[in-house]
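Q: The following comprises the amino acid sequence and a computationally predicted model.
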Amino acid sequence: MITTLTVNGLELTVEYDLDISAVYFGDLESEYVEIDIVKVVWMGADVLPLIKALEDEEALKLIIRDRFEDIE
């Protein structure tokens with residue numbers, strides 16, 4: 001999947017794989033969401049290595065997940 005995010009005033013194009021699995025605990029139902037970021041492009045350059053170096057990849061996954069939940 002590909003989405004465009006505005007993060008701290010920068011427009012990032014993020015390519016990612018999304019895997020959603022239903023999780024059942026007796027009568028309770030929830031979901032497990034796994035996001036694997038493939039590429040992050042800013043002004044035509046892949047900045048995923050920079051994001052990983054700054055250890056902000058997990059924060060980016062949370063932003064994508066929040067955006068995904070807003071669409072539902």
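A: Good, I have the coordinates. Numbers count the residues shown, from 1 in each chain.
Q: where exactly do the strands run in the protein?
A: Counting by DSSP state E, the chain has strands at residues 2-7, 10-25, 28-42, 45-46.
Q: now these in TSV, with mean neighbour count?
A: (C-beta placed from N, C-alpha, C; glycine too.) Listed next are the strands of the chain as TSV, based on neighbours: other CB atoms under 10 Å:
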stretch	mean neighbour count
strand 2-7	12
strand 10-25	12
strand 28-42	13
strand 45-46	11
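Q: Counting neighbours, what do you get for the residue nearest to residue 35 when sequence neighbours are not counted?
A: Nearest non-adjacent residue to residue 35, counting by CB to CB, 6 or more residues apart in numbering: residue 61, 4.5 Å away. Using other CB atoms under 10 Å, residue 61 has 17 neighbouring residues.
Q: circling back: mind checking which of the strands of the chain is nearest residue 56?
A: Shortest separation from residue 56 across those is recorded for strand 2-7, at 9.3 Å, computed as CB to CB.
Q: So which elements touch that closest one?
A: strand 10-25, helix 57-71 (3 or more CB pairs under 8 Å, 6 or more residues apart in numbering; DSSP states H and E).
Q: returning to what we had before: tabulate the strands of the chain (JSON lines), appending distance to residue 52 and mean pLDDT.
A: As requested, those are arranged in JSON lines below (distance: least, CB to CB, whole Å; pLDDT from 0 to 100):
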{"stretch": "strand 2-7", "distance to residue 52": "15", "mean pLDDT": "87"}
{"stretch": "strand 10-25", "distance to residue 52": "13", "mean pLDDT": "90"}
{"stretch": "strand 28-42", "distance to residue 52": "9", "mean pLDDT": "90"}
{"stretch": "strand 45-46", "distance to residue 52": "11", "mean pLDDT": "84"}
